[in-house]
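Q: show me how the following folds:
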Amino acid sequence: MSARVIRNQQGASAVEFAIVLPLLLIFLFGIIDGGRLLWDLNRLQKATQYGARMAVVTDVVEGGLSGTTYVGVNVGGVILTQGDRIPASAFGEVTCNDTACTCTVTPCPTAGTYNDTAFDRIVNRMKLMKADVDYGNVEVVYRSSGLGFAGDPNGMDLSPLVTVRVRADNRLRFRPLTTPWTSFDLPALATTLTAEDSAGTASN
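A: So this is what the prediction gives:
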């Protein structure tokens, strides 16, 4: 009787399947998580592109950028006159978050009014691509490009590089399906474009 039981192989497939199933599920959900992660990264990168495009064609967040004239400004021992190109050394870097703008690299333009409507407009455009982007996740950085003309009659003198990025200290998080009790930060992605007219409220 016992020998017959030992030789009996009925149910062996079920046992083997039960052993393999957990590994198969982990592998399957791992593939799904990999796809979800790439999808999230792509949407986040596209969101920064949407935000940067909005930032370069609409009103600047730091009002001092549009209000500063460089006619008569001494840059490296040279007094700029009407129509002179503004050198890169004339302007450092201004970083704007959801509450204020600060000059992070000198020299700085004349401080102006913080335009929270312009900042919100950028973030709202980003939300069209990735809805969980929040105002606290985003920074807009203006830095010198070596472009722009003193006393430009058609707009602001400066033509800065505009970077829209995810803040390194407040990034979005990804939660895997395989380990839903854990999560990790997505990278602080960014997109940089050169400012265009930097005036108005709409973007194509």
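Q: top helix in this protein by residue count?
A: Of all the segments of type helix in the chain, defined by DSSP state H, the longest one is helix 12-57.
Q: who does that one touch, helix- and strand-wise?
A: Judged by 3 or more C-beta pairs under 8 Å, 6 or more residues apart in numbering; DSSP states H and E, helix 12-57 is in contact with helix 116-127, strand 138-143, strand 161-166, strand 173-174, strand 190-194. (Glycine included, C-beta is placed from N, CA and C.)
Q: tell me the helix or strand right after the shortest one.
A: If I follow you right, that is strand 173-174. Next helix or strand after strand 173-174 toward the C-terminus (DSSP states H and E): strand 184-185.
Q: what's that following strand in contact with?
A: Outside strand 184-185, the residues that touch it by C-beta atoms under 8 Å, 6 or more residues apart in numbering are 171-174.
Q: for residue 203, state which of those is nearest.
A: The nearest member of those to residue 203, counting by C-beta to C-beta, is residue 172 at 22.7 Å.
Q: if you rank the contacts of strand 184-185 by neighbours, which is first?
A: Counting neighbours by other C-beta atoms under 10 Å, residue 172 leads those with 21 neighbours.
Q: what's next to stretch 83-92, contact-wise?
A: Counting by C-beta under 8 Å, 6+ apart, 70, 73, 75-76, 80, 103-109, 143-151, 157-158, 160 sit against stretch 83-92.
Q: go again with 7 Å.
A: 70, 73, 75-76, 80, 103, 105-109, 144-146, 148-151, 157-158, 160 (C-beta atoms under 7 Å, 6 or more residues apart in numbering).
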